[in-house]
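> give me a 3D structure for the following:
(chains A and B)
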2 protein chains.
Amino acid sequence: MSLPRIAIDAMGGDEGVRVMISGAALARRDHDQFKFLLVGDQHRIERALEAHPNLREASEILHCDDVVGGDERPTQALRRAKTTSMGLAIDAVKRGAAGAAVSGGNTGALMAMSKLALRTMPGIDRPALAALMPTLGEHDLVMLDLGANTDCDARNLVQFAIMGAAYSRIVTGAEKPRVRLLNIGTEATKGTDALQDAAAKLRESTNLAMTFEGFVEADKISRGDVDVVVTDGFSGNIALKAMEGAARFVGDLLKRSFMSSLRSKIGFLISRPATDLLRHHLDPNNHNGAVFIGLNGVVVKSHGGATALGVANAVAVTARLLEENLIERISADLSEVATEAAPKQSASQEAI
Amino acid sequence: MSLPRIAIDAMGGDEGVRVMISGAALARRDHDQFKFLLVGDQHRIERALEAHPNLREASEILHCDDVVGGDERPTQALRRAKTTSMGLAIDAVKRGAAGAAVSGGNTGALMAMSKLALRTMPGIDRPALAALMPTLGEHDLVMLDLGANTDCDARNLVQFAIMGAAYSRIVTGAEKPRVRLLNIGTEATKGTDALQDAAAKLRESTNLAMTFEGFVEADKISRGDVDVVVTDGFSGNIALKAMEGAARFVGDLLKRSFMSSLRSKIGFLISRPATDLLRHHLDPNNHNGAVFIGLNGVVVKSHGGATALGVANAVAVTARLLEENLIERISADLSEVATEAAPKQSASQEAI
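The predicted model follows:
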């Protein structure tokens, strides 16, 4: 079976071409059946490829001069969908010249361009930004939406749950991932109307490929007993960043504490392998690669400040989603739900 | 000057009477000018007081048999405002028999009872739950709302900013604390309408006792460059719990890492003072005591699972707010704003 190519927006990312190319080259070591379409300034891409013959032999270059700016408004960027490296990488997915696009550029522009070019899947009203997050359990969890939709209704949240569960099945191998809605309490009466309605719908829909387990509070996300955390993009973004900030805060405090006395400094040097392990586990580069899920094509956002290792992780996430047919899985789950919901449609207009 | 008494809901808290009484006794060591009204089962309170003659000599007991349950709905608890320890502690503030109430019980019930008995201050539509949080800077920051109001409009957020700034002036000693609104980006176009409108109003109102500095993202809260973080209760609760959870997650990972090899175990033992320092800094008991701010009286929520040290911190927060006249300060700030806003009222109905 031949796998589709991965289009790389080579101009994206704060560090520019070199880090995107090095990252793609690193990822190809573990996924050597993939081919790449590198989109951006041909001259700079070729120079960066000199150090990576393994990537060069698997790549085609699509030249363009234009780049979406980091602070550019999405509406403005949309007008240059056919001339920018970001726009052309997405366009390659639309044309079928690639199966997925990876970019480290402007998130809002990437979202807007992807939505316009690829459209949402049948049965999905809005795409969401989904990412893997570390837990104390065996597997990472899938969390969505992380910022694509500021306001969400119950119907959006139910669709996010279905898409998140499909992603989680790939990550965990579980047939029915455990799904929860992020809320400020676990009692049935807590939270917004949208959350309560979404919970009611998910509780009713027993044929979904998931086990819906109610609400989860933000301090209990990472314990390893939930596989998919569903939320609106505003709360999801707040939770994600709060966690990142707190982890960094604790790291900074730890550093200060270790430097507070000679004894502690010595202890730090001896226990270096432990703190290195911790640093590795918490390094956002090791969890890089958020997916715009719900579109007719895979689009992966790499963090703007990612290292080559971070980009490699984002490309590896992309490769895995293509290998495991994420889009087809979501389609299958949605049509399953549609089949079940159909007879109910007459009774309730709001059935999914 | 004689300070008002502090009413303690002695039945609150998961650990019951003993921990509340021990905590109050601990707090009194640093605030020995305060007197206490201990509300709850007289017999159990007297037994707990046997170990704390210093608290006994400063306390009066108000007996009652009834206790608000941890899972009880606020509406149900409200009916027993005159018979429960929580209700009577708040009632003591209303009657002027105490200047403040502290409880470790059911948050929703405490909020509902406090609101009904004490009413909001003139100029405040809704009270908020405010807490101090650790930063890498010199001072703790004030964050509000942490869960009292799921939905907030711009007017609520502006009022929270004024109340939070008054609290922060007490904590930091700064005349104009630095205030920011929690958002998912710092660009002016990010976030909900309520956030954008609140930002516009705060930017206009240059006579407030604060420096309004725009938006802050959840990963940048604790760096020490913001004194007051203003948010709706849903996002605030999500952010607070996400940070707590992440800090615990990192702590757990650190423990695992230290136990991963003999070398790391030895390093851990040697650097024990450093990790103890970190544990102390992160222990929620050291930041216990969230204030329902905006009522005609001070009501402080102690965490349900707090230790005696945690309760002592909540009582110390209460004592400090009474010593520094939080309510009067907020009133003064509000009347200042009202005076300025008055001429504008004709131009805009929405002016504060």
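> give the bridge partners for A:G40, please.
Beta-bridge partners for A:G40, by DSSP bridges, are A:H63.
> if I look at it, how far off is chain B?
Taking C-beta to the nearest C-beta, to the nearest Å as the measure, A:G40 falls 26 Å from chain B. All C-beta spots, glycine's among them, are computed from the backbone N, C-alpha and C.
> over to A:G304?
Taken as C-beta to the nearest C-beta, the span from A:G304 to chain B is 13 Å.
> what about that residue, how many residues close to it?
Counted by other C-beta atoms under 10 Å in any protein chain shown, the residues lying close to A:G304 total 16.
> likewise for the one 5 residues further on?
With neighbours defined by other C-beta under 10 Å, the count for A:L309 comes to 16.
> ends of stretch A:184-201, what's the gap?
Counting by C-alpha to C-alpha, to the nearest Å, you get 19 Å between the two ends of stretch A:184-201.
> off-centre distance for it?
Averaged C-alpha coordinates place stretch A:184-201 at 25 Å from its chain's average position (C-alpha atoms, centre = their mean, to the nearest Å).
> go on, stretch A:176-192?
Its chain's C-alpha centre and that of stretch A:176-192 lie 22 Å apart, by C-alpha atoms, centre = their mean.
> list the buried residues in it.
By 16 or more other C-beta atoms under 10 Å in any protein chain shown, the buried positions in stretch A:176-192 come out as A:177-184, A:190-192.
> and chain B, which of those contact it?
Here is what survives when those are matched to chain B using C-beta under 8 Å from any C-beta of the partner chain: A:182, A:184, A:191-192.
> per-residue pLDDT, the closest residue to A:G147 other than its chain neighbours?
Nearest in space to A:G147, with sequence neighbours left out and distances taken as C-beta to C-beta, 6 or more residues apart in numbering or on different chains, is A:N237 at 4.0 Å. A:N237 carries a pLDDT score of 93 in this model.
> so what's the residue nearest to the spatial centre of chain A up against?
Nearest to the geometric centre of chain A sits A:A290, at 1.8 Å (C-alpha atoms, centre = their mean). Residues near A:A290 by C-beta atoms under 8 Å, 6 or more residues apart in numbering or on different chains: A:129-131, A:146, A:300-301.
> please name the bridge partners of it.
Counting by DSSP bridges, A:A290 is bridged to A:K301.
> ok so, going back, can you get me a residue count around the residue nearest to A:G147?
Quick note: A:N237 (other C-beta under 10 Å) scores 27 neighbours.
> residues contacting it?
Under the criterion of C-beta under 8 Å, 6+ apart, the neighbours of A:N237 are A:146-147, B:184, B:218.
> against A:V315, how distant is it?
24 Å (C-beta to C-beta, to the nearest Å).
> ok, now A:S264?
A:S264 is 40 Å from A:V315, by C-beta to C-beta.
> what sits closest to A:A10 if chain neighbours are left out?
A:G40 (3.7 Å).
> correction: A:E138
Excluding the flanking residues, the one nearest A:E138 by C-beta to C-beta, 6+ apart is A:G224, at 7.0 Å.
> next up, the contacts around A:V216.
A:180-183, A:186, A:226, A:229.
> of all pairs in the residues you listed, which one spans the longest distance?
For the contacts of A:V216, the maximum inter-member distance is 13.2 Å, found between A:T186 and A:V229 (C-beta to C-beta).
> could you point out which element follows the host helix or strand of A:L157?
Element membership of A:L157, judged by DSSP states H and E, is helix A:154-172. In the C-terminal direction, the helix or strand that comes right after helix A:154-172 (DSSP H and E) is strand A:178-182.
> and that following strand with helix A:154-172, angle?
Here the directions of strand A:178-182 and helix A:154-172 differ by 140 degrees (axes from the mean of the first three to the mean of the last three C-alpha atoms, to 10 degrees).
> give me the contact list for strand A:178-182.
A:157, A:161, A:164-165, A:168, A:191, A:195, A:198-199, A:202, A:210-218, A:221, A:225-231, A:235-236, A:239, B:238.
> same question for stretch A:66-79.
So stretch A:66-79 is contacted by A:11, A:14, A:40, A:80, A:83-87, A:105-106, A:108-109, A:111-113, A:116, A:304, B:187, B:189 (C-beta under 8 Å, 6+ apart).
> how long is that stretch end to end?
This stretch, stretch A:66-79, spans 12 Å end to end (C-alpha to C-alpha).
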